[in-house]
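In: no sequence on this one, just coordinates:
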C-alpha cells in the first residue's frame with residue numbers, strides 16, 4: 001500500500017491555507033549516516049579552493065653553493081642551505097595548491113542525500129510550506145514581518161530571533177521580489193528549488209518552501225529521473241564552486 005504524507009500549507013501571515021500531499025519518494029526516505037557523510041564531505045571537497053602553497057627545496061631561491069667543504073671542518077656535511085632542515089630552506093610534505101580535492105558524486109546518491117535531509121526536516125517539524133509570500137516589490141521590512149508571523153507557529157519559534165543559519169528559503173524564481181526581500185537578512189538564505197542540496201538543507205535550522213505545488217513537482221521529477229546512460233561516466237557528475 002502506497003504511503004501518503006500530508007503537511008499543512010500556510011500563508012505568508014502564518015495562517016493555515018489547507019493541506020497538501022507530499023511525495024513519499026522525497027519526504028519519507030530513511031536516514032543513512034554513511035551515505036550522507038560521503039555525499040556531504042564530497043560536496044565540501046568539491047567546493048574547496050586550494051590556496052596554501054609551500055615550495056620544495058628545488059623551488060626556493062639560493063642554496064646553489066655548498067656551504068662548506070665536505071670534510072675537515074668537524075661539522076655535519078651539507079650540500080645546500082636550502083635543505084628542509086635549514087632555516088629558509090624548502091618545506092617537506094607541505095600543502096600544495098595544485099592538489100585536486102574534487103570527488104565524483106553519483107547523481108542518485110546526491111539526490112537521495114537531499115531527500116534524506118528533507119525527510120528529517122519534516123520529521124523534526126522544521127519544514128514549512130508557504131503558498132506564496134506575495135511580494136510585488138522588494139521589501140526587507142515585509143520579509144521581517146513574515147518571519148515574525150512564522151515564529152508564532154509551533155516549532156518555529158526561533159525562525160525570527162536566531163542570529164545565524166535560521167532558515168533556508170527555497171524559491172521557484174530566484175530572481176523574484178521575495179529573493180530580494182530576504183537576502184538582506186543575515187540569518188536567512190535564499191536558494192532556487194532546483195539548486196537544493198543536502199549541504200544547504202542541513203546548514204539551516206528551518207526549511208521554507210514557497211509555492212509547493214511547483215517545487216514539490218520539481219523534486220519528485222528529480223527523484224524519478226534516470227541517468228541518460230548506464231555508463232559510469234554519464235551517471236556521475238561533479239560540483240565545483
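Out: That came in fine, so what should we check first? These numbers were taken from a predicted model, which means no experiment stands behind them. Residues are numbered from 1 along each chain as shown.
In: okay, CA-based contacts and neighbour counts for the rest of this
Out: Fine.
In: how about residue 79, what does it touch?
Out: Neighbour list for residue 79: 65-67 [criterion: Cα atoms under 8 Å, 6 or more residues apart in numbering].
In: hmm, try it at 6 Å
Out: Going by Cα atoms under 6 Å, 6 or more residues apart in numbering, residue 79 touches residue 66.
In: the one 3 residues further on too?
Out: With contact taken as Cα under 6 Å, 6+ apart, residue 82 is in contact with 57, 63, 89-90.
In: relative to residue 67, how far out is the closest residue to it other than its chain neighbours?
Out: Nearest non-adjacent residue to residue 82, counting by Cα to Cα, 6 or more residues apart in numbering: residue 89, 3.7 Å away. Per Cα to Cα, to the nearest Å, residue 89 is found 13 Å from residue 67.
In: and the residue most central in space within the chain, what are its phi and psi?
Out: Geometric centre of the chain, nearest residue: residue 199, 2.9 Å, by Cα atoms, centre = their mean. Main-chain torsions, residue 199, degrees, to the nearest 10: phi -60, psi -40.
In: can you say which helix or strand has the residue nearest to it when sequence neighbours are not counted in it?
Out: Spatial nearest neighbour of residue 199, excluding adjacent residues (Cα to Cα, 6+ apart): residue 40 at 6.0 Å. In this assignment (DSSP states H and E), residue 40 forms part of helix 33-46.
In: which SS class is residue 120?
Out: helix (DSSP: H, G, I helix; E, B strand; the rest coil).
In: with adjacent residues omitted, what lies nearest to it?
Out: Nearest non-adjacent residue to residue 120 (Cα to Cα, 6+ apart): residue 31, at 7.5 Å.
In: and residue 200, by the same measure?
Out: Nearest one to residue 200, counting by Cα to Cα, 6+ apart, is residue 168 at 7.5 Å.
In: residue 26 now?
Out: Per Cα to Cα, 6+ apart, closest to residue 26 is residue 115, 4.9 Å.
In: residues contacting the residue of the chain most remote from its centre?
Out: Taking Cα atoms, centre = their mean, the residue of the chain most remote from its mean C-alpha position is residue 72, at 62.6 Å. Applying Cα under 6 Å, 6+ apart, we find residue 72 in contact with no residue.
In: so, low pLDDT: which residues of this protein?
Out: Scanning the chain for pLDDT under 70 picks out 1-4, 174-175, 226-241.
In: residues near the residue nearest to residue 42 when sequence neighbours are not counted, how many?
Out: Counting by Cα to Cα, 6+ apart, residue 103 is the residue found nearest to residue 42 once chain neighbours are left out, at 5.6 Å. Counted by other Cα atoms under 10 Å, the residues lying close to residue 103 total 17.
In: residue 20 bridge partners, please.
Out: residue 7 (DSSP bridges).
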